[in-house]
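Q: could you look at this predicted model? Sequence included:
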Amino acid sequence: MRYDYLVVGAGLYGAVFAREAKEAGKKVLVIDKRPHIAGNVYSEKIEGINVHKYGAHIFHTNNTKVWEYVNRFAAFNRFTNSPIANYKGEIYSLPFNMYTFNKMWGVVTPEEAKAKIEEQKRAAGIEEPRNLEEQAISLAGKDIYEKLIKGYTEKQWGRPCSLLPAFIIKRLPVRLTYDNNYFNALYQGIPVGGYTSMVEKMLEGTEVRLETDYLEQKAGLDAMADKVIYTGSIDAYFNYALGALEYRSVRFETEILDLPNFQGNAAVNYTDADTPWTRIIEHKWFEFGKDSDGKEISKTVISREYSSEWKPGADPYYPVNDIKNSKLYQDYKILAEKEENVIFGGRLGEYKYYDMDAVVESALETAGKEFRV
Ligand code: UDP
């Protein structure tokens with residue numbers, strides 16, 4: 001049997017591309033080495049709660065086309081991400097906004113907050129931030145850096161903030177308004193029924209083979225299709241020929257608790273250096289504590305998140321886009337461009353700290369190029 005496209009990886013990138021290919025009349029086979037679809041957005045129902053098995057995912061975008069696209073496959077609820085930080089028992093609002101500054105310094109007006117940040121930035125003597133530490137201090141001041149950024153970031157990335165690229169912290173907004181909405185996005189929400197059912201709908205009518213490891217049987221699988229869409233790790237594709245790219249991995253400890261409310265919020269970040277986990281997710285709050293019939297759920301499911309360096313055999317989550325790795329990726333990219341009939345896409349295929357909306361956008365763009373004659 002021959003296919004027009006073999007899509008390696010049934011995550012968001014692969015599912016969107018496969019959908020577009022199918023709608024363009026192409027014959028598509030999607031494979032994934034895991035026993036389920038949806039990649040890292042996979043959700044699983046436990047005690048009536050959609051549990052984000054590979055970490056919390058909150059869909060947010062400013063791109064109307066992307067928003068309309070995903071809404072074809074799921075209705076979205078009106079969840080707004082407002083994580084809180086727990087620093088040794090002190091609670092702070094995230095992202096950094098007037099509530100945070102008020103709690104940290106007792107300031108009330110934006111002018112006072114701005115002056116405080118300026119004062120701390122000046123005291124640190126930073127003009128042109130060269131790394132995450134300097135960037136963080138110049139954006140939010142030394143106190144916020146020490147209590148809410150340093151410990152969390154060093155746990156998450158396993159590297160000192162002074163050696164991390166500044167751009168990582170630019171993902172986090174700093175606002176002089178009383179606004180706890182983590183994302184500044186026009187559209188935001190969680191797919192009703194969970195991410196897995198959204199991806200299932202994208203893949204409706206497309207052949208999917210699970211527990212199929214592409215790299216283990218590459219030659220045989222390649223022979224089945226004209227073109228390959230590869231969404232796995234780019235360095236693994238080339239058998240680490242130029243050396244291994246670094247990734248951060250995450251381990252989850254998930255527990256069902258016989259109580260209705262553990263922490264009163266979907267996400268609590270533990271921003272001190274001593275607590276071994278980075279954050280605790282209480283999944284029911286992504287759906288307001290209600291099951292699919294709108295009934296209050298009496299139990300709760302929580303996941304403690306531990307960050308670790310990726311090792312072969314573990315799941316890669318975050319590319320480490322520092323200078324060394326970015327350079328190595330560029331070298332892999334040159335090899336990738338020489339691979340005839342293979343398109344590399346997604347967070348792992350492009351070694352890029354992609355959000356979900358950017359993944360969808362990128363898959364649509366690639367599909368657009370492929371299918372527009
Ligand atoms: N961050 C932080 N304190 C927090 C939350 C985030 O210092 O309480 C920093 C940290 O360096 C992290 C970056 O902000 O890597 C981006 O966080 P985001 O929540 O966007 O990361 P995600 O988990 O969504 O990939």
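A: Received, thanks.

Q: kindly confirm my reading that residue 360 is in a helix.
A: Yes - the assignment for residue 360 (DSSP: H, G, I helix; E, B strand; the rest coil) places it in a helix.

Q: nearest to the ligand within the stretch 251-373 of the chain, name that residue for me.
A: residue 269 (3.8 Å; Cβ to the nearest ligand atom). Yep, even glycine has a C-beta here, placed from its N, CA and C like the rest.

Q: from memory that residue sits against residue 93, does it?
A: No - using Cβ atoms under 8 Å, residue 269 is not in contact with residue 93, being 11.1 Å away.

Q: pairing partners for the helix or strand that contains the residue of the stretch 251-373 of the chain closest to the ligand, with directions?
A: Here residue 269, judged by DSSP states H and E, is contained in strand 267-270. Paired with strand 267-270 in the same sheet, following DSSP bridges, are strand 84-87 (parallel), strand 279-282 (antiparallel).

Q: got a list of what the residue of the stretch 251-373 of the chain closest to the ligand touches?
A: Residues in contact with residue 269 (Cβ atoms under 8 Å, 6 or more residues apart in numbering) are 83-86, 94, 152, 278-279.

Q: hey, where'd the helices end up in the stretch 51-200 of the chain?
A: Using DSSP state H, counting those that start in this stretch, the helices of the stretch 51-200 of the chain run over residues 64-71, 98-105, 110-124, 132-140, 142-144, 150-157, 167-170, 195-202.

Q: could you dump those helices to TSV with distance to residue 217?
A: Below are those laid out as TSV (distance: least, Cβ to Cβ, whole Å):
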stretch	distance to residue 217
helix 64-71	32
helix 98-105	51
helix 110-124	55
helix 132-140	41
helix 142-144	50
helix 150-157	34
helix 167-170	37
helix 195-202	24
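
Q: so who does residue 102 touch?
A: 108, 113.

Q: let's see it at 6 Å
A: By Cβ atoms under 6 Å, 6 or more residues apart in numbering, the contact list for residue 102 is empty.

Q: how much space between it and residue 179?
A: Distance of residue 102 to residue 179, given as Cβ to Cβ, to the nearest Å: 13 Å.

Q: give me the residues contacting stretch 20-35.
A: With contact meaning Cβ under 6 Å, 6+ apart, stretch 20-35 is reached by 3-10, 14, 18, 206-213, 367, 371.

Q: dump that stretch to CSV, keeping only the CA atoms.
A: What follows is stretch 20-35, C-alpha atoms only, in CSV (Å, rounded to 0.1, in the frame of the first residue of the first chain):
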residue,chain,number,x,y,z
GLU,A,20,-5.0,19.3,5.8
ALA,A,21,-3.5,16.5,3.7
LYS,A,22,-6.7,14.5,3.9
GLU,A,23,-8.8,17.4,3.0
ALA,A,24,-6.6,18.0,0.0
GLY,A,25,-7.4,14.5,-1.1
LYS,A,26,-4.1,12.9,-0.2
LYS,A,27,-3.6,9.4,1.3
VAL,A,28,-2.1,9.7,4.7
LEU,A,29,-0.7,7.4,7.3
VAL,A,30,0.0,8.7,10.8
ILE,A,31,2.2,6.8,13.1
ASP,A,32,3.3,7.3,16.7
LYS,A,33,5.6,5.3,19.0
ARG,A,34,3.4,5.9,22.0
PRO,A,35,0.2,3.9,22.6
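
Q: within range of the ligand, give me the residues from the stretch 151-300 of the chain.
A: Counting by Cβ under 6 Å from any ligand atom, the residues of the stretch 151-300 of the chain close to the ligand are 152-153, 156, 168-169, 171-172, 269, 271.

Q: where does the prediction get shaky in the protein?
A: Along the chain, the model assigns pLDDT under 70 to residues 1, 373.

Q: which parts of the stretch 201-350 of the chain are helices?
A: Going by DSSP H, counting those that start in this stretch, the stretch 201-350 of the chain shows helices at 218-222, 234-237, 323-338, 346-349.

Q: burial of the nearest residue to residue 82 once chain neighbours are set aside, as a residue count?
A: Leaving out its chain neighbours, the residue that sits closest to residue 82 by Cβ to Cβ, 6 or more residues apart in numbering is residue 180, at 4.2 Å. Using other Cβ atoms under 10 Å, the number of residues around residue 180 comes to 18.
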